[in-house]
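1. Give me a model of this one.
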Amino acid sequence: MTTKSSLLLAVAVAAALCGAAAGDTVTDSCDAIRDFVDVAFCASRLRSVPRAASADRHGHLLMAADLAAASGASARDAVAAMARAEADPAARDALEACGILYGSASVPALRLMRGYAAARSWAAARSLLSLTGQAGIGCEAALGGGGPAAAAAAGRMAGANREFDQLSTMATALLNSVS
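-> All right, here's what the predicted structure looks like:
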């Protein structure tokens with residue numbers, strides 16, 4: 001190999017390495033919404049999605065909406081099972097209210113928002129924001145006033161509600177950062 005070829009090869013390798021380090025789109029997207037969502041949480045959730053490393057912020061928005069909708073659907077299923085097994089009427093009613101919030105408001109709204117965002121119909125996507133995050137907060141509120149059995153259910157739902165809140169906030173913040 002000639003000196004000129006070696007020099008060109010070294011420059012190409014250096015450029016590729018610099019481009020790989022500078023091209024961390026997940027970190028860029030999460031840094032853009034750091035005022036709303038913990039950067040480490042954002043990065044870990046996005047990196048769990050195949051192709052996130054090569055996606056742009058719009059792609060990360062779509063991924064975050066999918067993650068939030070899946071989290072909400074999982075929480076809806078968990079709360080429905082808890083409601084079926086709950087003997088205390090007040091706690092059962094509170095759990096059913098949680099299921100309604102997840103199944104009839106937040107999860108469908110997130111799925112619709114994602115569709116509008118995919119089509120870059122920003123106004124339509126933003127019009128759903130008031131519904132997307134209602135389930136986690138509303139579920140905590142519904143379970144907060146239902147007595148000891150509801151308080152126990154609130155404890156069992158706390159992790160799912162928190163995960164959903166963070167993911168829906170992440171999707172909302174990414175929507176606001178791209179539109």
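2. contacts, neighbours, all on C-alpha from now
-> OK.
3. what about stretch 53-60, average pLDDT?
-> What stretch 53-60 shows for mean pLDDT is 97.
4. Give me the distance from it to the chain's centre.
-> Offset of stretch 53-60 from its chain centre (C-alpha atoms, centre = their mean, to the nearest Å): 14 Å.
5. and what of stretch 150-159?
-> How far stretch 150-159 lies from its chain's middle: 21 Å, per C-alpha atoms, centre = their mean.
6. what's the answer for stretch 108-126, then?
-> Its chain's C-alpha centre lies 14 Å from the corresponding centre of stretch 108-126 when counted by C-alpha atoms, centre = their mean.
7. What is the lengthiest helix in the chain packed up against?
-> Criterion DSSP state H: the longest helix present in the chain is helix 147-178. Other elements packing on helix 147-178 under the criterion 3 or more C-alpha pairs under 8 Å, 6 or more residues apart in numbering; DSSP states H and E are helix 57-85, helix 89-100, helix 134-144.
8. tilt between the following helix or strand past the second one and helix 57-85?
-> Following helix 89-100 in sequence order, the next helix or strand is helix 107-118 (DSSP states H and E). Compare the direction of helix 107-118 with that of helix 57-85 by axes from the mean of the first three to the mean of the last three C-alpha atoms, to 10 degrees and you get 170 degrees.
9. what comes up buried for helix 107-118?
-> Judged by neighbour count using 16 or more other C-alpha atoms under 10 Å, the buried positions of helix 107-118 are 107, 108, 109, 110, 111, 112, 113, 114, 115, 116, 117.
10. ok, the residue lying closest to the first one once chain neighbours are set aside - how many residues close by?
-> If the residues on either side of it in the chain are set aside, residue 107 comes closest to residue 69, at 5.1 Å by C-alpha to C-alpha, 6 or more residues apart in numbering. Residues contacting residue 69 under the criterion other C-alpha atoms under 10 Å number 26.
11. which of the buried residues of helix 107-118 lies closest to residue 47?
-> residue 114 (18.7 Å; C-alpha to C-alpha).
12. rewinding a little: need the contact list for the residue nearest to residue 107.
-> 106, 107, 108, 110, 111 (C-alpha atoms under 8 Å, 6 or more residues apart in numbering).
13. List the residues that contact the spatially closest residue to residue 54 that is not a sequence neighbour.
-> Leaving aside its sequence neighbours, residue 54 sits nearest to residue 25 (C-alpha to C-alpha, 6+ apart; 6.7 Å). By C-alpha under 8 Å, 6+ apart, the contact list for residue 25 reads 52, 53, 54, 55, 56, 57.
14. List the residues that contact the first one.
-> Think residue 52. By C-alpha under 8 Å, 6+ apart, the residues touching residue 52 are 25, 26, 46, 59, 60, 63.
15. I'm done for today, thanks for sticking with me.
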